[in-house]
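J.: take a look and give me a structure for this.
(one chain, ligands or ions: 2)
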Amino acid sequence: MKECTILVTGGAGYIGSHTVIELLNNNCQVIIVDDLSNSNKKVLDRIEKITGVHPIFYPISICDKDALSLIFTTHKINAVIHFAAFKAVGESVQKPLDYYKNNVSGCLLLLQIMQEYSVKTIVFSSSATVYGQPKEVPVKENSKISPQSPYGFTKMMIEQILTDIYHADKSWNIAILRYFNPVGAHRSGLIGENPNGIPNNLMPYIAQVATGKLDYLQIFGNDYITKDGTGVRDYIHVVDLAIGHIKALKYFDFKSKVGQMITLNLGTGIGCSVLDVVKTFEKASGKSIPYKILPRRSGDVAEYYADATLAKQVLGFQTRFNLDDMCCDTWRWQINNPEGY
Ligand code: NAD
Ligand code: WQD
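T.: Numbering: from 1, shown residues only. Ligands and ions are numbered 1, 2, ... in the order given. The predicted structure follows:
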């Protein structure tokens, strides 16, 4: 990885910023492209505080072909990690065109430019959302793909585009990483998830209940056929997830003319219920988390968690952090930054 230059689209965002830190820890040169549509420029100073390096930053959209091309002309890029996308499932139902344009068209432009400049290594942020309502758990990579939202379809479409590119030209290196539920924050408490407005997702919502910013947690359903009736998910610490990207890059042999394509789940393989998360967060924060039980949230799945064996076999990827760590690190980030960045 030394002397590698990695372009990180969406590198100012939640998962991107944690991955940038791991890349810098591995002595890579990092170039961030982010239009700051869902992030804050201050993250760059925080990255510098943690690593001593201020990454090169271009505040542009991946949809701006000329500006993106110029970056490939200016720098000798070895690989791209592509995080830049809109990610809110509900919003994607309201604004499908915005999602297809930003996520799919944006990615197409990026891939065209990569091809033009012979940069043929990409790690792509996919999501367990592509599985939709899984028939069985744990979910394996060869389970049926059946997204339930425009957001999920953008991920499925890009997976297909990448597959077709690889079939046409086997010198590409392509890693499709399907994340389960990323949570937690960097141990320093300097970077973390920074949602705009009221959070949609469980962990940032609980964190804001713990600080008193929100009154109580709404638990969406306690009548699922799960261990305690609440929804079960596979929460993965964002730093473990970030390390998964480094392992994917290391898997590729940049010098070989023959490429490889891999599609892997990144999860812990462990299912935790909403009540597990509530109890663990209470222990981590020393605060009580009041909650009310509401009806099920439309579109929610009762239970899903990863079959994590393939990522272990292929990449040697194993998570290090448990739910206690995820809650402690979220709490540290939240109390240090009650208003975000
Ligand atoms: P995020 O919103 O924090 O990060 C995405 C970043 O991309 C943001 O900084 C945003 O400003 C930037 N961006 C968006 N559109 C852009 C564009 N056109 N040009 C340049 N920058 C753009 O989200 P995240 O949680 O860090 O997610 C990163 C990736 O992982 C996304 O592709 C997301 O779909 C995927 N993913 C996230 C989760 C999750 O729960 N967080 C789960 C599975 C997959
Ligand atoms: C987790 C559990 C809820 C909030 C989403 C996206 C998915 C992926 C990850 C991008 C569920 C319950 C939640 C609350 C609750 N993102 N919950 N009260 O829905 O598994 O996945 O993020 O790719 O595509 O759909 O995550 O954190 O919203 O929910 O009871 O206020 O917590 O019902 O059981 P989800 P989540």
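J.: use CA for all of it now, contacts and neighbours both
T.: OK.
J.: name the nearest residue to residue 192, ignoring sequence neighbours.
T.: Using Cα to Cα, 6 or more residues apart in numbering and skipping the chain neighbours, the partner closest in space to residue 192 is residue 185 (4.5 Å).
J.: what's the local residue count around that neighbour?
T.: Residue 185 has 27 neighbours, counted by other Cα atoms under 10 Å.
J.: again, but for the one 3 residues further on
T.: Using other Cα under 10 Å as the criterion, residue 188 is surrounded by 14 other residues.
J.: kindly report the residues of the stretch 1-150 of the chain close to ligand 2.
T.: Residues of the stretch 1-150 of the chain that fall close to ligand 2, judged by Cα under 6 Å from any ligand atom: 87, 89, 127, 129.
J.: buried set for stretch 281-297?
T.: 281-282, 284-285, 289, 296 (16 or more other Cα atoms under 10 Å).
J.: in contact with the residue nearest to residue 192, which residues are there?
T.: By Cα atoms under 8 Å, 6 or more residues apart in numbering, the contact set of residue 185 is 191-193, 237-239, 326, 329-330, 333.
J.: closest to residue 157 out of the residues you listed?
T.: Distance to residue 157, by Cα to Cα, is smallest for residue 238 among these, at 24.6 Å.
J.: wait, the closest one touches residue 17, no?
T.: No: judged on Cα atoms under 8 Å, residue 238 makes no contact with residue 17 at a distance of 9.9 Å.
J.: overlap in contacts, the two.
T.: Among the neighbours of residue 238, none is also in contact with residue 17 (Cα under 8 Å, 6+ apart).
J.: ends of stretch 306-325, how far apart?
T.: 19 Å (Cα to Cα, to the nearest Å).
J.: tell me if it is near ligand 2.
T.: No: applying Cα under 6 Å from any ligand atom, one finds stretch 306-325 separated from ligand 2 by no less than 12.2 Å.
J.: just the helices in the stretch 151-300 of the chain please.
T.: For the stretch 151-300 of the chain, the helices defined by DSSP state H, counting those that start in this stretch occupy 202-211, 238-251, 274-285.
J.: and what of the stretch 1-150 of the chain?
T.: For the stretch 1-150 of the chain, the helices defined by DSSP H, counting those that start in this stretch cover 14-25, 42-51, 65-74, 89-94, 96-99, 106-116, 150-168.
J.: what residues does the stretch 151-300 of the chain have near ligand 1?
T.: So the stretch 151-300 of the chain meets ligand 1 at 179, 181-182 (Cα under 6 Å from any ligand atom).
J.: I am finished for the moment; much appreciated.
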